[in-house]
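**Q** sequence first, then the predicted structure, then my questions.
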Amino acid sequence: MNNHNEVRMLEFPEKGDKRGRMVVVEGMQDIPFEIKRIFYIYGSDSEVVRGQHANRKSEFVLINVAGKSKVKVLDGLGNESIFCLNRPHTGVYLPNMVWKDMYDFSSDSVLLVLASEHYDADEYIRDYAEFEKEVIKTVKKW
């Protein structure tokens, strides 16, 4: 695994034969954390923006198992990256304390989300200005 705190694309091994394809994703092997929660997003229009938050503790891997979507990631220091998720054997790893927006969903999009933590509303930051303040405070400690 690369740097644990680095946003990055992941590619998972595909298996299969004439019967079809299969992708296996295992926690602590294919992704850098133990999977504690799984959910998926579907039925979102292309104009909808999901996410719009950061997490103090949770890490995520996002995989479009069907269709496509985009993920914009901001670090709170003025840097942003956009990832196009359009292959079911790739995903994007998102460490904690990054802002995420999921958008541009195709009509057949199913976005699978693997999370390192159980849901805890208190660890979510839903205001971007508050997120920036927490990031700056953390950077100043270094």
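**A** Cool, the structure landed.

**Q** give me the low-pLDDT residue ranges for this structure?
**A** Applying pLDDT under 70 to the predicted model, the residue ranges of the chain that meet it are 1-4, 141-142.

**Q** mind listing the strands for the chain?
**A** 8-11, 14-17, 20-23, 37-42, 50-55, 60-66, 69-74, 80-85, 90-94, 99-103, 110-115, 124-125 (DSSP state E).

**Q** and the fifth one, which strands flank it?
**A** Going back to what we said before, that points to strand 50-55. Partners of strand 50-55 in the sheet, by DSSP bridges, are strand 99-103 (antiparallel), strand 124-125 (antiparallel).

**Q** and the angle for that strand with strand 69-74?
**A** Between strand 50-55 and strand 69-74, the angle formed by their directions is 40 degrees, by axes from the mean of the first three to the mean of the last three Cα atoms, to 10 degrees.

**Q** buried ones in strand 50-55?
**A** Of the residues in strand 50-55, those buried under the neighbour-count criterion (16 or more other Cβ atoms under 10 Å) are Arg50, Gly51, Ala54, Asn55. C-betas here are computed from N, CA, C, even on glycine.
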